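Visitor: the sequence and its predicted three-dimensional model are supplied below.
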Amino acid sequence: MALKDLVDPAASGPLARSRGLWSALHLDPILLFLLLILVSGGLFVLYSGADRNIEVVKAQGIRLGVAFVVMLVFAQLDPAVFRRWAPWLYAAGLVALAAVLVMGVGAKGAQRWLALPGLPRFQPSEIMKLVVPMMAAWYLSRHFLPPRLSQVAVGLVIVLVPMVMIIQQPDLGTSLLVGMAGLFVVFFAGMSWKLIAAFVAMASVSAPLMWFFVMREYQKQRVLTLLDPQSDPLGAGWNIIQSKTAIGSGGIDGKGWLQGTQSHLEFLPESHTDFIVAVLAEEFGFVGMLVLLAVYFLIILRCLYIAATAQDSFSRLLAGALTMTFFIYIFVNVGMVSGLLPVVGVPLPLISYGGTSGVTLMAAFGVLMSIHTHRRMISA
Amino acid sequence: MPWGEFKDTAAERRLFQRRTVVMLVFVILMLGGLLGRMYQLQVVEHETYTTISDKNRVQVQSVPPPRGLIYDRNGKLLAENRPVFSVTLVPERVDGMDETLAQLGRILDISEQDLERFHRRLQEPRRPFQEIPLRYDLTEQEIARLAVHRHELPGVEVEAELVRYYPHSELTAHVLGYVGRINREELQRIDPVNYAGTNYIGKSGVERFYEQTLHGKVGYQHVETNARGRTLRVLERENPVPGEDLELHLDLRLQQRAHELLDGRRGAVIAIEPKTGGILALASVPGFDANKFVTGISVDDYRALSQSKDKPLFNRALRGQYPPGSVMKPMLAIAALDSGVTTRDRTIWDPGYFQLKDGGRRYRDWKRGGHGWVDLKDAIAESCDIYFYETAVEMGVDTMSGYLSSFGFGEDAALDVSGALSGLLPSREWKRAMRNEPWYPGDSVNLGIGQGFMLATPLQMATATALIANRGTWIEPRLLSDVIGDDSVEDVLPDETHEPLKLKNPDDWEYVVESMAEVMHGTKGTARRAGSDAPYRMAGKTGTAQVFSLAEDEEYDAEEIRERLRDHALFVGFAPVEDPQIVVSVIVENGGSGSGTAAPVARALFDAWLLEFSEGSDSGLVSQAAGGLD
């Protein structure tokens, strides 16, 4: 399959005939195909990471099934619906975040969940991963792009308010992802490079301030542990030492599926959740990692193409930001497990065991498919 | 109309596409960075991590050495090791900690204390999958019940370890001491490598003093394990070097006899073999069951022991500091003779009291009306206070203090007795420093009969008496007689530090010894009843230590005073006079008089050692000789 086909199979080739069916379902066959490869490969790794517990794999399969249904539902909605609802969803999200701070429930010193009578328990910060870029895209696309300085400022406020509220829970990982999603919108909108340089400079200056005034003790500890895992080899450093050992001992072609000693002898913690990529690296080696990152790259490539070919600014900004958020997930998780970044609770997208972020991610892919399949014919 | 195709200018589209290209480059660079990291870990540093991974899998486990055993002089086992079973939990493998604990509580007897200790250990930093002990010393029924419920309790294990056991618990508790779980302070002190697998350490007594010798050297085994530390197979093993066994001078029979003789009372007995300094018996009554302390005594048991009025945990023989009273007279007699203050011929008139100056305070003699004319030998035999009041004032504190310190008072002279106190030997400097007062002549009067500030332990009194029995040759008391292992006794026993006490006229030793024999055998000897009808000659000195002081000239009736306020009865002595085999010091708290209560105890021990047990050791010699002929 030529690269041209990958970018737009509808243009030519055998898939062209079935375009009518995919359009009717509002699905993008290439993106769907790549996601299915990722998810099914992920279930095999999960089976090994969960120490051959088939129940875990079944539960994850059901959860992913639900997530695909959510994707399908989102794909049916016209992007104009997201645009129209963006301000209302954003306002509701802020109210929900405020409610979490006042009456939220949770464990381990953080309250992240909202348990409203008559509704299932949910995590408002998770929904904000979609709603914040929608809101930013809605606001910025109302004006001519690139945005003026004042519009950039408003855009940043739209991003910062929910971010700060999520930090208060405290949930640094989610806050980071929500913030990144919003900032990518501003970036794609055409925020000037000078301004970006100024912000980067400001961020590096404010890093020490963050250290002293914003970060909690356990977060600082994670950073210190990253710099020197041996300082606490039995405590926080244990995870990093063991995951690096798992990855490194995998070598070029790995120890073989279900043969990883680090994970199966229980040295590797969280081997079926946040640290699952270490299982893959141990059992399938560098080759396995190459394949994984290639699949992720193809997904990102397809999504960026969808964004670039979208018909209006709102759709473009939203699609671009959601794609980059997906990338940030991958980078933060793999960086953390391989000891490049501090331990932050970010799962490996669509492979780690656990449902909440999977559903949000699939909803985002649903939005992307919606954008791609609701294009008006006049531009074709 | 801000939205729609009208606003979707080509410029905006181009701007977005430029930004998309930038992002694509960014993504490629970052993913390239991740791949580079993977290349570094998996290809460049692969060897390093393979080694670590194997090290993870193959673990070096410490194998604790079995603790050395302790025997008495006849080879009777005093301290051994028994396997004890405990139940442990691996929190990572437990399904629901609270339910598991609740279910274990129905199967086993788990106290509040066990739970509290368990929860405390749960909070402490530890390796994942490390087990935490919940309860020690399971009974066989409990082990069986656990086995039945095993499948319902994931993460619950039964583990065996060797734990110290004292078969003659109460008899030997104050000599051997006991071992217990290593605590935080001890953890700082010990060698972390050698104690890697050890849970117990000597807390007191012989167990504490010879900790290093008894402990042994840790062994290792390379095992393949999973992260829980569960051993899959042993790859390689270096056996531990067991702790060395110790043989003590102690004679369990004599120790038992001493306990029987003091049964129902509070007191202490020390018996020393003067030729070797070996401690034959070291009894402090009442005793306690040392086994209770090994795996951790319960709060109730400990409270019962520590709050008992009889103070069973208090080692009277080593730590009981009593006014020695008249048992000091033989030592002070040596001091008076050798310093030239008095002579054997000198006699003194004893009217029943002594005054420093006419009309001054009257220091009473224990005998109303006095002893009449007495020389030094009479003064010892009849325990005449007046003679010693007078020579004490003539000697002065410096002379007395000097001689008494040569007898080992005011110091812990024992070589290997853990926890022995040094009593109090008063001096001019001591009184100035502690009381900020000068030394008064009246203080000397009191010191002359071992009263006033002077304090000594039963072990010190026995040590000083042994010096007389040895006629001035110092042999420090000791418990250890032999090490069964690589070390010799000299390697582990501290050096002897005392010079012999040389008198200007060595015959003075015989004179004082004869005077002490008069105590036992003379017609006026204070302990003549305890010394009567013996097939050997013995030497001794009785003493009575006042629990509270009486006002001058006040009469008192021992029977009217509550039992706890009665005088302490003291006795020191040795036998036979000519060739001493055993030195004994006895204290019976609130025993009344030394002659009536303490001296018969010593006589019974003399008889046991010289008549009853010596036959046993004779036959032992015979059988040894027979064995040598083979």
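Guide: Perfect, thanks for sending it.
Visitor: which residue, neighbours along the chain excluded, lies closest to the residue most central in space within chain A?
Guide: Computing the C-alpha centroid of chain A and ranking residues by CA atoms, centre = their mean puts A:Phe326 first, at 3.6 Å. Using CB to CB, 6 or more residues apart in numbering or on different chains and skipping the chain neighbours, the partner closest in space to A:Phe326 is A:Pro349 (6.2 Å). The C-beta positions use only the backbone N, C-alpha and C, and glycine is treated the same way.
Visitor: give the contact list for that neighbour.
Guide: By CB atoms under 8 Å, 6 or more residues apart in numbering or on different chains, the contact list for A:Pro349 reads A:Phe326, A:Tyr329, A:Ile330, A:Asn333, A:Ser357, A:Gly358, A:Leu361.
Visitor: double-check that the second one belongs to a strand.
Guide: It refers to A:Tyr329. No: applying DSSP: H, G, I helix; E, B strand; the rest coil, one finds A:Tyr329 to be helix, outside a strand.
Visitor: distance of the nearest residue to it once chain neighbours are set aside from A:Arg63?
Guide: With sequence-adjacent residues excluded and distances taken as CB to CB, 6+ apart, A:Tyr329 is closest to A:Pro349, at 4.4 Å. Using CB to CB, to the nearest Å, one gets 13 Å for the distance from A:Pro349 to A:Arg63.
Visitor: ditto for B:Leu176
Guide: From B:Leu176 across to A:Arg63, the span is 64 Å (CB to CB).
Visitor: neighbour count winner among the two?
Guide: Just comparing B:Leu176 and A:Arg63: by other CB atoms under 10 Å in any protein chain shown the higher neighbour count belongs to B:Leu176, 28 against 16.
Visitor: B:Asp72 against B:Leu248, yeah?
Guide: Yes: the pair B:Asp72 / B:Leu248 is scored as a contact, 5.7 Å apart, by CB atoms under 8 Å.
Visitor: now for the two: what residues contact both?
Guide: Common neighbours of B:Asp72 and B:Leu248 (CB under 8 Å, 6+ apart) are B:Leu78.
Visitor: ok, those two, which is more surrounded?
Guide: The residue with more neighbours, out of B:Asp72 and B:Leu248, is B:Leu248; 29 against 22, by other CB under 10 Å.
Visitor: distance check, the more buried one against B:Ile70.
Guide: On the measure of CB to CB, B:Leu248 and B:Ile70 end up 7 Å apart.
Visitor: just B:Ala290 next, same as before
Guide: Distance of B:Ala290 to B:Ile70, given as CB to CB: 12 Å.
Visitor: you'd agree B:Glu612 is in a helix?
Guide: Yes: per three-state DSSP, B:Glu612 lies within a helix segment.
Visitor: and it, how many residues sit next to it?
Guide: For B:Glu612, the count of nearby residues is 13 (other CB under 10 Å).
Visitor: roughly how far apart are it and chain A?
Guide: 61 Å (CB to the nearest CB, to the nearest Å).
Visitor: run through the residues that contact A:Arg52.
Guide: Contact analysis of A:Arg52 by CB under 8 Å, 6+ apart lists A:Leu258.
Visitor: tell me the pLDDT of it.
Guide: With respect to pLDDT, A:Arg52 scores 85.
Visitor: in the chain, where's the longest helix?
Guide: Reading this off chain A. Using DSSP state H to define each element, chain A has its longest helix at helix A:276-308.
Visitor: wait, I meant chain B there
Guide: Per DSSP H, chain B has its longest helix at helix B:10-39.
Visitor: can you pull the buried residues of stretch A:220-227?
Guide: Buried residues in stretch A:220-227, counted by 16 or more other CB atoms under 10 Å in any protein chain shown: A:Gln221, A:Arg222, A:Thr225, A:Leu226.
Visitor: what does the stretch 51-200 of chain A put close to chain B?
Guide: When proximity is defined as CB under 8 Å from any CB of the partner chain, the stretch 51-200 of chain A approaches chain B at A:Arg83, A:Ser141, A:Arg142, A:His143, A:Phe144, A:Leu145, A:Pro146, A:Phe184, A:Phe187, A:Phe188, A:Gly190.
Visitor: check whether A:Phe187 really touches A:Leu195, as I assumed.
Guide: No: shown here, A:Phe187 and A:Leu195 do not form a contact pair, counting by CB under 8 Å, at 10.1 Å.
Visitor: the two: which has the busier surroundings?
Guide: Counted by other CB under 10 Å, A:Phe187 and A:Leu195 do not tie: A:Phe187 has more neighbours, with 19 against 15.
Visitor: work out for me the element the more buried one sits within.
Guide: Secondary structure from DSSP states H and E places A:Phe187 in helix A:172-189.
Visitor: burial of the closest residue to chain A within the stretch 51-200 of chain B, as a residue count?
Guide: For the stretch 51-200 of chain B and chain A, the shortest gap (CB to the nearest CB) falls at B:Ser53, measuring 3.7 Å. B:Ser53 has 23 neighbours, counted by other CB under 10 Å.
Visitor: residues touching the residue in chain A that chain B sits nearest to, list them.
Guide: Proximity to chain B, evaluated over chain A using CB to the nearest CB, is greatest for A:Gly248 at 2.6 Å. The contact partners of A:Gly248, taken as CB under 8 Å, 6+ apart, are B:Leu41, B:Gln42, B:Glu45, B:His46, B:Thr48, B:Tyr49, B:Thr50, B:Ile52, B:Ser53.
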